[in-house]
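S.K.: here you go, sequence then predicted model.
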Amino acid sequence: MSQTDKSAPNIESVLHEARVFPPPKAFARGAHLKSLAQYRQLYRESIQAPERFWGRQAKDELVWFRPWKKVLRWNEPFAKWFVGGRLNVCYNCLDRHLGTPTANRAALVWEGEPAAPGKPGEERVLTYQQLHREVCQFANVLKRNGIAKGDRVIIYLPMVPEAAIAMLACARIGAVHSVVFGGFSAQSVADRICDSQAKLVITADGGFRRGSVVQLKKNVDEALGLRDASGDRLAKSVQRVIVLRRAGNDIHIEEDRDVWWHRELEYVGAHCPAAQLESEHPLFILYTSGSTGKPKGVLHTTAGYLLAARMTTRYVFDLRETDVYWCTADVGWVTGHSYVVYGPLANGTTSLMYEGAPNFPEPDRFWRIVEKYGVTVLYTAPTAIRAFMKWGEDWPRKHDLSSLRLLGTVGEPINPEAWIWYHRVIGAKRCPIVDTWWQTETGNIMITPLPGATPTKPGSATLPFFGVLPEVVDDQGNPVPRGTGGKLVIRRPWPSMLRGIWGDPQRYREVYWSEIKHSYFTGDGCRQDPDGYFWIVGRIDDVLNVAGHRIGTAEVESALVSNSKVAEAAVVGRPDELKGQALVAFVTLKTDVHATPELRGELRDHVAKEIGPVAKPDDIRFAEALPKTRSGKIMRRLLKQIAAGTEIKGDTTTLEDFSVLARLSQAEE
Ligand code: PRX
């Protein structure tokens with residue numbers, strides 16, 4: 001993988017680099033960490049004496065059934081943290097709060113999607129006590145349906161409290177959940193079932209999205225019937241489907257296989273002891289896109305993940321007892337796992353869940369919710385912020401946002417303009433902003449300001465969290481001078497690191513630990529400024545970040561060529577003002593197939609069917625042939641330039657001829 005122009009500093013960032021926002025004094029006064037010196041001291045210790053540091057944290061932060069014997073066993077690239085210990089994630093999120101004042105605090109505040117303008121959404125509040133009861137009951141439902149420790153369970157639900165309940169119930173009995181985002185297709189569900197060999201699927205009849213119903217159960221039915229090339233059913237490991245009544249739409253119920261969530265509850269009690277699990281017991285598998293092949297099942301385990309989830313949530317969001325904390329991510333993504341469910345609950349915080357879109361029924365949906373519940377901490381994606389900017393300041397101005405005290409962003413680089421708008425319009429220049437860099441694989445936040453301590457710069461994720469040793473290096477793994485672009489690597493194991501790719505240790509080694517010796521390669525380009533602040537530039541591999549969603553170009557390409565009309569496809573990213581990156585597909589067609597606007601629509605739908613609506617190309621450009629090197633490799637760099645530089649007008653369906661370009665480029669080689 002060669003370094004690309006993406007690692008070069010971006011002019012806009014350089015211009016803003018000089019702007020520093022110190023932590024507001026009023027904020028720092030009550031913060032967990034009050035100065036940069038305090039942060040540096042703790043950070044230094046976490047790097048110089050990691051085992052002492054993490055051992056102390058694990059003891060102070062978590063409830064153990066049995067203490068660990070060794071903090072870290074590192075056999076590169078395989079880590080075992082807190083070896084010999086036993087604990088339970090669900091116990092640490094719920095039971096530990098029972099019998100304390102937190103028991104009666106709201107654990108989840110849920111707002112459903114409103115039916116129409118002016119109509120309130122449904123709402124539901126579950127205290128820790130109530131959530132504990134519901135989780136225990138549902139854990140008993142899982143057992144009743146044949147699920148035991150170590151079994152894999154697919155969760156394919158809308159953003160409703162039951163999604164969190166299902167995750168926690170799995171954790172309680174040691175079942176391994178794999179949440180699949182509701183925007184993924186039947187094919188994607190089937191692939192994930194097949195790879196994880198899941199025994200059970202938990203789904204809903206439907207979910208609401210912008211006023212229409214997403215047919216989740218129908219997708220599951222289809223997934224369970226899909227076959228591979230040799231005619232084998234992909235999802236034959238599934239024995240049961242538990243269906244939540246949510247949208248009230250008509251669905252098919254398969255006798256002997258499908259059961260209703262509410263019916264099952266009638267057969268179980270509310271007593272279910274939490275399983276005493278090994279520190280390294282698998283907690284969840286989450287599938288994410290890489291540069292090649294099908295999505296990888298990223299595996300996270302119990303103790304290290306939980307410790308980092310609890311610590312990062314408390315330090316990064318500087319949690320206080322009065323907080324109403326809202327992370328707007330869907331539980332289908334890692335952000336929803338760590339910062340809607342596990343992190344906030346492990347801290348006894350009130351976590352708000354919202355089912356719908358930011359602009360339905362109107363573009364002030366978020367601000368209405370902030371006002372209604374008195375949200376104090378808001379954590380969202382740069383894409384959402386850019387959309388808010390586009391919709392205009394009048395929408396937030398209609399609401400009282402004075403409860404907010406801290407803002408966060410995640411998922412993609414935030415451009416300084418969006419940062420400054422967020423700070424001024426939403427945060428009234430009063431709220432610090434934490435721009436948090438991390439990945440599905442890292443499990444928890446890795447590079448981030450700590451709001452009472454770290455001066456921020458718009459567009460920079462600033463400095464590493466405790467125990468995290470990031471470095472910017474060249475292709476050989478040598479650190480590059482500050483101000484120079486390079487590859488972002490992590491030099492040390494950390495507690496919440498992925499433990500592997502489900503069922504594929506070799507791929508784990510190759511993808512993450514082979515690019516740069518003795519280091520975890522993130523796939524991101526980055527540079528450090530003279531103050532040591534990290535500026536993430538974005539992916540330098542063939543992974544795109546479209547509206548904060550991670551999409552593998554190879555996956556979209558194979559979805560396209562699986563259409564009988566397509567001969568070849570190459571997918572690249574193009575800068576997009578709103579979504580960060582847009583997805584452009586260059587497609588050559590089989591002989592006698594004509595390029596038409598209808599075909600473009602058909603191919604976009606085909607990708608939605610194969611992967612899910614999230615992966616639909618923004619543009620499809622038909623070509624006579626794709627530009628290739630003499631050895632037959634597609635010249636992606638050239639395609640990127642073409643995608644970025646040429647304006648695409650309306651629905652013209654011209655066939656592009658790259659032969660000249662390819663010849664020119666070869667001559668330059
Ligand atoms: O490119 C980085 C970008 O998102 C990628 C990880 O995507 P995913 O595994 O889906 O996790 C997203 C939520 C943690 C990274 O490799 N990314 C994430 N956060 C930031 C970011 N890029 C710049 N700044 C961030 N704060």
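M.R.: In hand now; what should we look at?

S.K.: and the residue of the stretch 101-250 of the chain nearest the ligand?
M.R.: Closest to the ligand within the stretch 101-250 of the chain is Phe181: 10.5 Å, counting by Cβ to the nearest ligand atom. Quick note: C-beta positions are derived from backbone N, CA and C, even for glycine.

S.K.: hmm, I was thinking of the stretch 151-300 of the chain
M.R.: In the stretch 151-300 of the chain, the residue that lies nearest the ligand is Thr288 (5.2 Å; Cβ to the nearest ligand atom).

S.K.: check the stretch 551-669 of the chain too.
M.R.: Using Cβ to the nearest ligand atom, the closest approach of the stretch 551-669 of the chain to the ligand is made by Gly580 at 8.8 Å.

S.K.: what's near enough to touch that residue?
M.R.: Contact analysis of Gly580 by Cβ atoms under 8 Å, 6 or more residues apart in numbering lists 382-383, 412-413, 538, 545-548.

S.K.: could you list which residues are in contact with the residue of the stretch 101-250 of the chain closest to the ligand?
M.R.: When contacts are counted by Cβ under 8 Å, 6+ apart, Phe181 touches 330, 332-333, 612, 614.

S.K.: now with 6 Å?
M.R.: 330, 332 (Cβ atoms under 6 Å, 6 or more residues apart in numbering).

S.K.: again with the one 5 residues further on
M.R.: Ala186 makes contact with 219, 222-223 under the criterion Cβ under 6 Å, 6+ apart.

S.K.: what's the pLDDT at it?
M.R.: At Ala186, the pLDDT value in this model is 97.

S.K.: do the same with Pro481
M.R.: In this model, Pro481 carries a pLDDT of 96.

S.K.: just give the closest residue to Thr383, not the sequence neighbours.
M.R.: Nearest residue to Thr383, sequence neighbours excluded (Cβ to Cβ, 6 or more residues apart in numbering): Ala547, at 4.2 Å.

S.K.: how about Leu603?
M.R.: Here the nearest residue to Leu603 in space, its sequence neighbours aside, is Ile620; by Cβ to Cβ, 6+ apart that works out to 5.5 Å.

S.K.: tell me the bridge partners for that neighbour.
M.R.: With DSSP bridges applied, Ile620 shows beta-bridge pairing to Ala585.

S.K.: residue contacts, it?
M.R.: By Cβ under 6 Å, 6+ apart, the contact set of Ile620 is 585, 587, 600, 603.

S.K.: so the last one is in which element?
M.R.: It refers to Leu603. helix 597-610 (DSSP states H and E).

S.K.: first-to-last residue distance for stretch 549-563?
M.R.: Criterion Cα to Cα, to the nearest Å; first-to-last residue distance in stretch 549-563 is 24 Å.

S.K.: same question, stretch 261-278
M.R.: Terminal residues of stretch 261-278 lie 29 Å apart, using Cα to Cα.

S.K.: which parts of it are buried?
M.R.: 261, 264, 268, 272, 274-275, 277-278 (16 or more other Cβ atoms under 10 Å).
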